[in-house]
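[1] Give me the fold of what follows.
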Amino acid sequence: ITPAGRVSTFAGRARMHGNADGAGSYARFGDPHSVASDDHLQLYVADTGNCAIRLIDFEGNVSTFAGLAGSPGNVDGVGNKARFSNVQCVAVGGVELNIYVLDGDVVRKITRGGTVTTLPNRALDDGKGHFIHPTSMAVGKAGFMENLYLVEGTNNVIWEVIPPHGFSFRHP
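    The predicted model follows:
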């Protein structure tokens, strides 16, 4: 949406479901739920229906960054060797501009090189175990550390993910 109020489609085509990579309106998405940008003018899309993370460069070219369209699962790996089951939200940030994905009830980390790993899901200070159905997240940076903040509507809490020795989950 421009300052003058002009609305245009940047990537994909309205009411055209699919998984095609390509430029602008030639690209296809399958029920995208979230988008986040990095410092390099790139956008990352949680393409829920395709179980994949899509990348849109600054010229509007769409490519599949991680996962394989139509191949759900829970597999860590690089690029199209990784599998996602229920991508809902994507956030980019921190010192190394990692990409974080809410994939069902787990958080997946994707490096700039496309390596996907699953972060542990454990609560430290309340003894209740795992968080349940987080719905959105954001990445913050404090010096050389990056923290994730997860919204969990089921329990009405905001979780902070802290990385001193790997990732641990707690809520304030």
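[2] hmm, which helix or strand of this protein has the shakiest average pLDDT?
    Every helix and strand in the chain was compared by mean pLDDT, DSSP states H and E; the lowest is strand 168-170, with a mean of 51.
[3] Any stretches of the chain with poor pLDDT?
    Within the chain, the segments meeting pLDDT under 70 span 121-131, 142-145, 162-172.
[4] and stretch 82-93, which residues are buried?
    Using 16 or more other C-beta atoms under 10 Å as the test for burial, stretch 82-93 gives 82-84, 87-93. For every residue, glycine as well, the C-beta is placed using N, CA and C.
[5] Out of the residues you listed, give me the two with the largest separation.
    Between any two of the buried residues of stretch 82-93, the greatest separation by C-beta to C-beta is 23.9 Å, found for 83 and 93.
[6] can you give me the strands for the protein?
    Remark: strands assigned in the chain by DSSP state E are 22-23, 32-37, 43-47, 52-56, 61-67, 77-78, 87-93, 98-103, 106-110, 115-118, 136-142, 145-152, 157-162, 168-170.
[7] closest one to residue 14 among those?
    Residue 14 lies closest, by C-beta to C-beta, to one member of the strands of the chain: strand 32-37, at 12.2 Å.
[8] Pairing partners for that closest one, with directions?
    Using DSSP bridges, strand 32-37 pairs in its sheet with strand 43-47 (antiparallel).
[9] Now do the strand it pairs with and strand 52-56, the angle between them.
    Orientation note: strand 43-47 sits at an angle of 150 degrees relative to strand 52-56 (axes from the mean of the first three to the mean of the last three C-alpha atoms, to 10 degrees).
[10] If I take strand 43-47 and strand 98-103, what angle do their directions form?
    Going by the same axes, to 10 degrees, strand 43-47 makes 20 degrees with strand 98-103.
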